[in-house]
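Undergrad: Fold the following.
(2 chains)
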There are 2 protein chains.
Amino acid sequence: MRRVTLVGAGVSRFGVRKATLRDLIWEAGKACFDSVPTVKPRDLQGLVVGSVMPERTAFQSHLAPLAAEALGIRPDRLSARTEHMCASGTVGIRYAYAFIAAGLADLVMVLGVEKLNTPAGEEAILNMGTGVDREWEAAYGLTAPPSFALAAQAHMARYGTTEEQMALVSVKNHNHAAKNPYAHFQKGATLEQVLCSRMISTPFRLFMCSPITDGAAAVILASEERARDLTDRPVFILGTGQAVDGFTLTSLHPDYAHWPALRRAAEHAYGMAGLGPDDMDLAEVHDCFAIAEIIAYEELGFCGKGEGGRFVEKGLADYGGKVVVNPRGGLIGCGHPLGATGTAQAAEVFWQLRGEAGPRQVPGARVGLTHNNSGMGEHVVVLYGTDA
Amino acid sequence: MRRVTLVGAGVSRFGVRKATLRDLIWEAGKACFDSVPTVKPRDLQGLVVGSVMPERTAFQSHLAPLAAEALGIRPDRLSARTEHMCASGTVGIRYAYAFIAAGLADLVMVLGVEKLNTPAGEEAILNMGTGVDREWEAAYGLTAPPSFALAAQAHMARYGTTEEQMALVSVKNHNHAAKNPYAHFQKGATLEQVLCSRMISTPFRLFMCSPITDGAAAVILASEERARDLTDRPVFILGTGQAVDGFTLTSLHPDYAHWPALRRAAEHAYGMAGLGPDDMDLAEVHDCFAIAEIIAYEELGFCGKGEGGRFVEKGLADYGGKVVVNPRGGLIGCGHPLGATGTAQAAEVFWQLRGEAGPRQVPGARVGLTHNNSGMGEHVVVLYGTDA
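TA: This next block holds a predicted model:
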């Protein structure tokens, strides 16, 4: 199996954008090409697009060739769109990764994109319901906020996790996003603001939830050999894991505060890399709701089970702590344009490991990970490092 | 790179089905598991689902974990949905193929599914328009039938291809489908029936077009080593290629009768396999419209450029000819449930190469290919054989 690297990354401005799907593709694609001047669009052998619901929001499927044409790419090895709800971008990175690792391609872009704020706010919210089981859950109102709220309630009941601890996740991530020029929210937040924001699904208040965001992000993957010709600072993919426990809530572990699929995905990625949680300098984890980041600390092994609330409270997930979690601001601060989230996380790790993260730089960062869940039972982890 | 095989295959009944998306997943998944009793759902390490527009037809994204749960599969290596319009199923096969070839997984199901005839016929037809560029083509009526009609007109003008020759593709495929118990149409067709059916987009009459069909199909991919434990007749993936010339018609070769991306995809697949067009015993090609099969004969190298019409007229694409094209009945006879078409083609090649195709059996078949286009500029080819 060949070693695979990242050689370029670019991200569009995230937010409620007056931009079409194609505008967002252009913006992130151009930024990505600008990051690696040695790569021209026609050099790429393929394009993978991560996107969840362009059929609903833009009446458009077949997004990979649309994006290739928009960016001047002419795939001759690989063209695909990947969808795995909130993990669609990372599932796309894994498609390109496998092709390059197997020797089937050498240079591929992965671009995640989602234009959610269209045609109207109400429809955008309804559309998010496509991610859970339509017949058994969404139709009865059990969409993502109440599902994750059940996990929060279970975690509070079992481990004594508090609303304040969850709010501290939001404060940290909003304050990180304030240093991120592409983030949806750039004003930071105080504990009082979070705890006084309106209730969405008990115990989640507005600021504990990721917003409905438009955006795109792209990375370029290369075989190690090809990367040596393109950049003197490639970032290596060291390992990756994905695991699924189930789709509907009734199929999951009876204790929603435990996410065994995340633990298995992380263990597989750590095993491939020969590394463990103590080696991570930073982690881009999937804080779709504040409780998700707290459970991720635990299942990723940054702290013991049930200790996630205290982990953030002690500042161990922030600069100067044990591992900097969500330096770009996470989904809560940056926003969550579904298909773009995974590729934007990869872009952040790329910049951090190359020392290019500006005011967000994690000092001396050499190893980092990205994590997405697309429900409480579906998880994917990718490990990146500066050395092969 | 490791060698990859097919070890099982199963297909649902195709047609206008009184069945939900989940019903179709169950039907094809069960048939697939029944085909290889040595594999239990929990043995699988992953599931890839090819599907184009469940967001529109079932208000459902996140289809891979839904299907995994429905089938009792618990992915611990790989879970993804792939979309590439009409090539979505084959693009999914390539995802699993790359994972297994790279050594990242050993046993993965790929299931294609589409429930198009819902909620109403008119909406089903509109939904098909998501496959072409919404802003520049679909909005002005340039959907698939008129696009491919331009290719037919060009081919007729340049090479003298006739309506009768295109109709003979339909007659052949309808008559093949009459021997296929899962096909949408099983009554066969005469030349008169095809030529007297109503005009859809000049020169395509109704019987020269693939219909709007519901269906699902699944195959199980295994590493060669794992396959040896599961079956004594694995079918090997010998090579694969994919190429994209462009998305909108204006981006394509100025002569729509030439599809250079198909030629490049085929040459790449032939090169990987060390084989050529003369080695093919059968070919499942993408006859979304009759002209597509005629151009595919040429670009796949079964005959010279411009000779496709005469190739079918002489019976060279049928039993007893040079290569049996679309023995299952193709998209025209079987129907075209977008995401399921590629996996159904793979299932047919699997059965043919194992001598299990019953009344459709191509005598002594040892090598076959599948081809999908998802537009005139996007093509994917996979080569299968009985020997590694």
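Undergrad: Just the strands from the stretch 201-350 of chain A, written as ranges.
TA: A:204-205, A:215-223, A:235-244, A:282-284, A:324-325 (DSSP state E, counting those that start in this stretch).
Undergrad: Compare these and give me the one nearest B:Arg158.
TA: strand A:215-223 (39.6 Å; Cβ to Cβ). (Each C-beta comes from the backbone N, C-alpha and C, glycine too.)
Undergrad: What is that closest one packed up against?
TA: Strand A:215-223 sits against strand A:4-11, helix A:21-35, helix A:88-101, strand A:107-114, helix A:338-353, with contacts defined as 3 or more Cβ pairs under 8 Å, 6 or more residues apart in numbering or on different chains; DSSP states H and E.
Undergrad: Return the alpha-carbon coordinates of stretch A:339-346 using CSV.
TA: Output of stretch A:339-346 as CSV, limited to C-alpha atoms (Å, rounded to 0.1, in the frame of the first residue of the first chain):
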residue,chain,number,x,y,z
GLY,A,339,-20.4,18.0,2.6
ALA,A,340,-17.8,20.7,3.2
THR,A,341,-17.2,20.0,6.9
GLY,A,342,-14.9,17.1,6.5
THR,A,343,-12.7,18.7,3.8
ALA,A,344,-12.6,21.9,5.8
GLN,A,345,-11.4,20.0,8.8
ALA,A,346,-8.7,18.3,6.6
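Undergrad: residues of that stretch that come out buried?
TA: Residues of stretch A:339-346 classed as buried under the neighbour-count rule (16 or more other Cβ atoms under 10 Å in any protein chain shown) are A:339-346.
Undergrad: How about residues contacting that stretch?
TA: Applying Cβ atoms under 8 Å, 6 or more residues apart in numbering or on different chains, the set of residues contacting stretch A:339-346 from outside is A:6, A:9, A:11-12, A:14, A:24, A:28, A:49-52, A:83, A:86-93, A:110-114, A:215-219, A:284, A:286, A:328, A:331, A:334, A:370, A:372, A:380, A:382, A:384.
Undergrad: how about a cut-off of 6 Å?
TA: A:11, A:50-52, A:88-90, A:93, A:110, A:112-114, A:215-217, A:219, A:284, A:370, A:372 (Cβ atoms under 6 Å, 6 or more residues apart in numbering or on different chains).
Undergrad: Distance from it to the middle of the chain?
TA: Distance of stretch A:339-346 from the chain centroid (Cα atoms, centre = their mean, to the nearest Å) equals 5 Å.
Undergrad: mean confidence score for that stretch?
TA: Taken as a whole, stretch A:339-346 has an average pLDDT of 98.
Undergrad: Stretch A:315-330 now?
TA: Confidence over stretch A:315-330 (mean pLDDT, whole number) is 98.
Undergrad: I'd like the helices and strands packed on strand A:215-223 as JSON lines, with distance to A:Val169 appended.
TA: Converted to JSON lines, the helices and strands packed on strand A:215-223 look like this (distance: least, Cβ to Cβ, whole Å):
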{"stretch": "strand A:4-11", "distance to A:Val169": "22"}
{"stretch": "helix A:21-35", "distance to A:Val169": "27"}
{"stretch": "helix A:88-101", "distance to A:Val169": "21"}
{"stretch": "strand A:107-114", "distance to A:Val169": "23"}
{"stretch": "helix A:338-353", "distance to A:Val169": "16"}
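Undergrad: just checking, next helix/strand downstream of the least confident helix or strand in chain A by mean pLDDT?
TA: Here the helix or strand of chain A ranked lowest by mean pLDDT, DSSP states H and E is helix A:121-128, holding a mean of 82. Note on helix A:121-128: by DSSP states H and E, the next helix or strand toward the C-terminus is helix A:144-159.
Undergrad: and that following helix, what does it pack onto?
TA: Using 3 or more Cβ pairs under 6 Å, 6 or more residues apart in numbering or on different chains; DSSP states H and E, the elements in contact with helix A:144-159 are strand A:199-201, helix A:290-299.
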